[in-house]
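> Got a sequence here, can you build the structure:
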Amino acid sequence: MLEDDKRYIAVSDLHIGLEAELASKGVTVRPSLVGDMLVELLGLVEAEHADGVILLGDLKHTVGAISKQEWDDIPSFLKQLSAKADVYLVPGNHDGNIRHLVPQGVNLASAKGMALCDTLLVHGHTVPSGMRSNVRRIVMGHIHPVFLRKGSLVNGQRVWISMQARKEALFSEEGLVDIVVVPSFNPHMYATGEKYYRKSISPIIKRVVHHGINTCIVATLDGSVVGDESMLTYVL
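Below you'll find the predicted structure:
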């Protein structure tokens, strides 16, 4: 269980196994991608003095089946990461049969997410349970937000989305809920300003947009604000 007196890093959508799929289509990415992501994540653990890492789903890329690359890379990745910090995995829609790849010592959470105080950590491909109506913040992945606007200096860059929405969009009670959409940790979920594939929008985001958003900030990985709710059309 998560403890509120500890420090955690939350990342999403590593999609380990993407390289093998792209290679089958004649697209080559650097062979050290998984190792590079591990080094970057371990660096964040050290820099932030984190006690734990929360993986917000889509650790693997293949839906349902398990590819050879996933068999080879995911257990080793998790073992090395868990040697430095507690690891929690919230399964996403790509993580079918992920239990076969999770080594002892790694915490496999429910696909419904996990709570830390008043924050709900989910992948984002399903609507949260009404039992979580006490939360004030939702942290999610799934969407892979990338700013796609021709002529913009940040065209093709991964971005964060932070918004405040009406709680009744998701739960049977009034109030406000903050929603943070985490960019894909895998830097190759897009190319030359275009996504390899456009994700179907999260039902969470679809509902809050329909009910109306109070405030919204779109920011690059370094925290530079590049837009508000009027820019959502370029990232969703």
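> Need the contact partners of stretch 141-151.
Contact with stretch 141-151 is made by 12-13, 56-58, 92-93, 123-125, 154-161, 181-184, 189-190, 193-195, 199, 201-202, 205, 218, 220, 226-227, 231, 234-236, as judged by CB atoms under 8 Å, 6 or more residues apart in numbering. Where C-beta positions appear, they are placed from N, C-alpha and C, glycine not excepted.
> Check the average confidence over it, would you?
Across stretch 141-151, the average pLDDT comes to 91.
> Any idea how far apart the tips of that stretch sit?
27 Å (CA to CA, to the nearest Å).
> all strands of this structure, in order?
8-11, 52-55, 86-89, 107-108, 114-116, 119-121, 137-140, 159-166, 176-181, 190-191, 194-195, 213-220, 225-227 (DSSP state E).
> okay if I get these as CSV plus mean neighbour count?
Output for the strands of the chain, formatted as CSV (neighbours: other CB atoms under 10 Å):
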stretch, mean neighbour count
strand 8-11, 19
strand 52-55, 24
strand 86-89, 21
strand 107-108, 16
strand 114-116, 18
strand 119-121, 23
strand 137-140, 22
strand 159-166, 20
strand 176-181, 20
strand 190-191, 17
strand 194-195, 14
strand 213-220, 17
strand 225-227, 17
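> Those: which one's closest to M37?
strand 8-11 (8.9 Å; CB to CB).
> Of the strands of the chain, which is nearest A23?
strand 190-191 (14.1 Å).
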